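1. what's the 3D shape of this:
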Amino acid sequence: MGDVVAGSSADGPVVEQLLARSHALGADPRFTNYAGGNTSAKGTAPDPVTGEDVELLWVKGSGGDLGTLTEAGLAVLRLDRVRALRGVYAGPDGGVEREDEMVAAFDYCLHGKGGAAPSIDTAMHALVDAAHVDHLHPDAGIAIACAADGEELTRRVYGDAVVWVPWRRPGFQLGLDIAAIQRENPAARGCVLGGHGITAWGATSAEAEANSRWIIETAEAFLTDHSEAEPFGPVLPGYEALPPEQRRARAAALAPVLRGIASHDRPQVGHFTDATVVLDFLSRAEHPRLAALGTSCPDHFLRTKVKPLLLDLPPTATVEECTARLAELHEAYRADYQAYYDRHATPDSPAIRGADPLVVLVPGVGMFTYGKDGQTARVAGEFYVNAVNVMRGAEGVSTYAPIDEAEKFRIEYWALEEAKLARMPAPKPLATRIALVTGAASGIGKAIATRLAAEGACVVVADLDLAKAQAAAAEIAGPRGADIAVGVAADVADAAAVAAAVDEALLAFGGLDLVVNNAGLSISKPLLETTEKDWDLQHDVMAKGSFLVSQAAARVLIAQGLGGDVVYISSKNSVFAGPNNIAYSAVKADQAHQVRLLAAELGGHGIRVNGINPDGVVRGSGIFAGGWGAQRAKVYGVPEEELGAYYAQRTLLKREVLPEHVANAVVVLTAGELSHTTGLHIPVDAGVAAAFLR
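-> Take a look at the predicted model:
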């Protein structure tokens, strides 16, 4: 075996070097895609029973990401036991089920508790005779691997330093193949895996990383120096990209239709990109042929399906023409995918996972991708961009020739992939749902947005103040960023601003499912002191604003055909008559009746409309901090700092109502348990008898 790096424990230099190398390689998108590839190191550590040193393999476990890999993401196996599996392996004629058996056997090779679950590529890392091994999915390397004459190209590019390995599904046999090639080519730094990626090795971590970088950078230089000028063909007249504002407007107009298409079998979150690489690809004459060939690298098509849905109309087509054509193409796509499944499925194959596209390409506009959450949808888009780069590289020096669909099916519906899906945690109650909350930069709105995100929703934080909306979204999302929450500006009293905010939601997450009308202000004055301006401002923001937001949202919800929820944050004041509050209480009564009216009108589309009636929420409230608290405290003759306690004492439960309590009610209404409830108002007031609903 190659040089073994000694280490006294899993905390020693072996793991430190491996993680440092993994992070360096995983941080560069040229070297591998998100969650793609794996790295390993061999070393020694004491056996926990005998205390004697044993040879171990530390390798990235199933499902991890190199750029963010931690020690907990490593599988740790005894090398002697993994090597011993060569004696029980039935060989390539044993079929897929034999590869499954070998992966199951890795559990009996674990050192101690073993760390993360070993991946299908574990054998490659264990059997190659080198202390450090990298397996990566670089676009340039896959371009050579997916070229029709990939073996000849490998010789041209690398000479004897890198060896071609014909396509073989990942597994134990592939590990044996690479190990044999390494023995037969002792001067080789690594290999190109047909239809798949690259593998490199080294006696030290630094050498393995250097070899990985050299293989990738050499491929990049070759493709740059030898590629045709227009690998995707000339520009297709009429298919050039629309100007930025026009294409984003077109994307927002098509987003609800596309979300409905992608969610026919199960709800999906969307992601839109109009990156130059996508727009250029879709403007070229060869894009229909190449899109139909689908992606090749298993990491790609497992997240994008074997091929995208391509709208075969130029960007000059109207939205109505595109919508009608997309319906036809969706029907054909579903039939084609079902036929693909039927051609290759065996009695032991997992059930079909849905026949809807995960990638939709719209010439002149961009690409929509879909997944179970914001990150999955975004990553699917990144993977298809990887696929476009692979096609460009392969077509530039040869012909793009992905693995055939039978092999794709055997990986897509491999029992090991099914097992990986089964290990995923159960989805949260609001997973796949996209929420827009108005007035969400503070107080009740922020609490609602925070809770919705915690329950799995993607959240659009809308507020009059864009900077505050973006800050709140960043706080809610944390390190997950725009995959979870985005902030947008929204003056709810302005129809154009509301439409723009809804469009931003569509461009961020592909659709809309849940709208919370929370934006508001309050003017507390007696009748004779309430001015016409006061009255108009109060009603513009809350009555008119709720109407405009609900109207814009309903257009999207109806176009999607997926139902949805509209929630109004009304008030106990909608039914309770208090002094010096004419404008605010009147507008709350208006909102309360909007709930009933819209529930009656939108129910036929599966859209539920409900309301929440809180008592005065003082703590954390932007309204109260803006002067309303001082006004109400004056009315009731108490110090402003004691207003929350005053409100609590007038309730039956003697409890103060907080923003989180209102957020709880929103989740109860929208998370599925009250699926047959619409037109309801839920009091969240700790018991105000005068506001009981009758």
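2. so where do the strands sit in the stretch 1-150 of the chain?
-> Remark: strands assigned in the stretch 1-150 of the chain by DSSP state E, counting those that start in this stretch are 38-46, 53-60, 74-78, 110-115, 132-136.
3. how about these, which one is nearest V437?
-> When these are ranked by proximity to V437, the top entry is strand 53-60, at 38.3 Å, counting by CB to CB. Every C-beta, even on glycine, is put in place using the N, C-alpha and C of the backbone.
4. Now do the longest helix belonging to the chain: which elements does it pack against?
-> Across the chain, the longest stretch assigned as helix under DSSP state H is helix 319-344. Counting contacts by 3 or more CB pairs under 8 Å, 6 or more residues apart in numbering; DSSP states H and E, helix 319-344 is packed against helix 244-262, strand 309-310, helix 405-412.
5. picking up where we left off before, save the strands of the stretch 1-150 of the chain as TSV, and put in mean neighbour count too.
-> Written out in TSV, the entries for the strands of the stretch 1-150 of the chain read as follows (neighbours: other CB atoms under 10 Å):
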stretch	mean neighbour count
strand 38-46	24
strand 53-60	23
strand 74-78	24
strand 110-115	16
strand 132-136	29
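6. Compare these and give me the one nearest T295.
-> Of all these, the one in closest proximity to T295, counting by CB to CB, is strand 132-136 (16.8 Å).
7. Need the contact partners of that closest one.
-> Contacting residues not belonging to strand 132-136 are listed as 5, 17-18, 21, 25, 31-32, 36-42, 121, 124-125, 190, 197-205, 207-209, 211-212, 216 [CB atoms under 8 Å, 6 or more residues apart in numbering].
8. Just the buried subset of these, please.
-> Applying 16 or more other CB atoms under 10 Å to the contacts of strand 132-136, the neighbour count classes 5, 17-18, 21, 25, 31-32, 36-42, 121, 124-125, 190, 197-202, 204-205, 207-209, 211-212, 216 as buried.
9. for the chain, which spans come out with low pLDDT?
-> Along the chain, segments meeting pLDDT under 70 span 1-12, 93-97, 418-423, 620-629, 632.
10. Between its first and last residues, what's the separation in stretch 534-552?
-> Distances were taken as CA to CA, to the nearest Å; on that basis the terminal residues of stretch 534-552 are 26 Å apart.
11. How far off centre is it?
-> The gap between where stretch 534-552 is centred and where its chain is centred comes out at 34 Å by CA atoms, centre = their mean, to the nearest Å.
12. tell me which residues of that stretch are tucked away?
-> By neighbour count, and taking 16+ other CB under 10 Å as the criterion, the buried residues in stretch 534-552 are 534-535, 538-550, 552.
13. again, but for stretch 307-326
-> So stretch 307-326, judged by 16+ other CB under 10 Å, has buried residues K307, P308, L309, L310, L311, L313, P315, A317, C322, T323, L326.
14. Please apply the same query to stretch 179-190.
-> Neighbour counts over stretch 179-190 (16+ other CB under 10 Å) mark A179, I181, Q182, A188, R189, G190 as buried.
15. Wait, G445 touches V437, no?
-> Yes: if you go by CB atoms under 8 Å, G445 and V437 touch, sitting 5.3 Å apart.
16. Now do the shared contacts for these two.
-> With contacts defined as CB under 8 Å, 6+ apart, the residues adjacent to both G445 and V437 are V461, V516, N518.
17. would you turn these into CSV with secondary structure?
-> Rendered in CSV, the data for the shared contacts of G445 and V437 read as follows (DSSP: H, G, I helix; E, B strand; the rest coil):
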residue, secondary structure
V461, strand
V516, strand
N518, coil
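18. Looking at those, state which has the most neighbours.
-> Neighbour tally across the shared contacts of G445 and V437 (other CB atoms under 10 Å): the maximum, 32 neighbours, falls on V461.
19. and it, how far is that from T199?
-> When distance is defined by CB to CB, to the nearest Å, V461 is 44 Å away from T199.
20. Excluding sequence neighbours, find me the nearest residue to K305.
-> The spatially closest residue to K305, leaving aside those adjacent along the chain, is L358, at 4.9 Å (CB to CB, 6 or more residues apart in numbering).
21. residue contacts, E240?
-> S283, P315, G364.
22. TSV for those residues, including secondary structure and distance to L506?
-> Conversion of those to TSV gives the following (DSSP: H, G, I helix; E, B strand; the rest coil; distance: CB to CB, whole Å):
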residue	secondary structure	distance to L506
S283	coil	23
P315	coil	18
G364	coil	18
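23. Quickly name whichever of those is closest to P402.
-> For those, the nearest to P402 is S283 (22.1 Å; CB to CB).
24. so the spatially most central residue of the chain, which of the three states?
-> Nearest to the mean C-alpha position of the chain, by CA atoms, centre = their mean, lies Q375 at 2.1 Å. Under three-state DSSP, Q375 falls in the helix class.
25. List the contacts of the nearest residue to Y340 once chain neighbours are set aside.
-> Nearest-residue entry for Y340: E405, 6.3 Å, with adjacent residues in sequence omitted and distances by CB to CB, 6+ apart. Contacts for E405 (CB under 8 Å, 6+ apart) come out as G294, V306, Y340, R343, H344.
26. With F31 instead?
-> Counting by CB under 8 Å, 6+ apart, F31 has contacts L25, G37, L136, P138, S212, R213, I216.
27. again with A490
-> T438, A462, D463, L464, A469, A497, V498, A500, A501, A519.
28. please redo it, this time with the cut-off set to 6 Å
-> By CB atoms under 6 Å, 6 or more residues apart in numbering, A490 lies in contact with T438, A462, A497, A501.
29. Nearest to A671 among those residues?
-> T438 (20.0 Å).
30. got a markdown table for the shared contacts of G445 and V437, with distance to F172 too?
-> Supplementary listing: the shared contacts of G445 and V437 in a markdown table, determined by distance: CB to CB, whole Å:
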| residue | distance to F172 |
| --- | --- |
| V461 | 49 |
| V516 | 52 |
| N518 | 56 |
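31. circling back to that earlier point, out of G445 and V437, name the residue with the larger neighbour count.
-> More neighbours surround V437 than the other of G445 and V437, with 36 against 29 (other CB under 10 Å).
32. And that one, how far from A499?
-> Counting by CB to CB, the separation of V437 from A499 is 17 Å.
33. Repeat that for F232.
-> Spatial separation of F232 from A499 under the definition CB to CB is 36 Å.
34. ok, those two, which is more surrounded?
-> F232 (22 against 17).
35. Now do the closest residue to the more buried one other than its chain neighbours: how many residues are near it, please.
-> Take F232 and drop its neighbours on the chain: the residue closest to it by CB to CB, 6+ apart is R284, 3.6 Å away. Around R284 there are 20 other residues, counting by other CB under 10 Å.
36. which residues does R284 form a beta bridge with?
-> Judged by DSSP bridges, the bridge partners of R284 are V235.
37. Filter the contacts of A490 down to the buried ones and hand me the ChimeraX line.
-> Below is the selection syntax for ChimeraX that covers the buried ones among the contacts of A490, with 16+ other CB under 10 Å defining burial:
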select :438,462,497,501
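38. Next step: the contacts of A490 restricted to helices.
-> By the criterion of DSSP H, membership of the contacts of A490 in helices covers A497, A501.
39. Which member of the contacts of A490 is positioned nearest V82?
-> Nearest to V82, judged by CB to CB, of the contacts of A490 is A462 at 54.0 Å.
40. Across the sheet, point out what pairs with that closest one.
-> Under the criterion used here (DSSP bridges), A462 is bridged to T438, V488.
41. distance of it from V437?
-> When distances are taken as CB to CB, A462 and V437 turn out to be 6 Å apart.
42. Which residues are in contact with P357?
-> Contact analysis of P357 by CB under 6 Å, 6+ apart lists L309, Y333.
43. Please, which helix or strand holds it?
-> In the assignment (DSSP states H and E), P357 maps to no helix and no strand.
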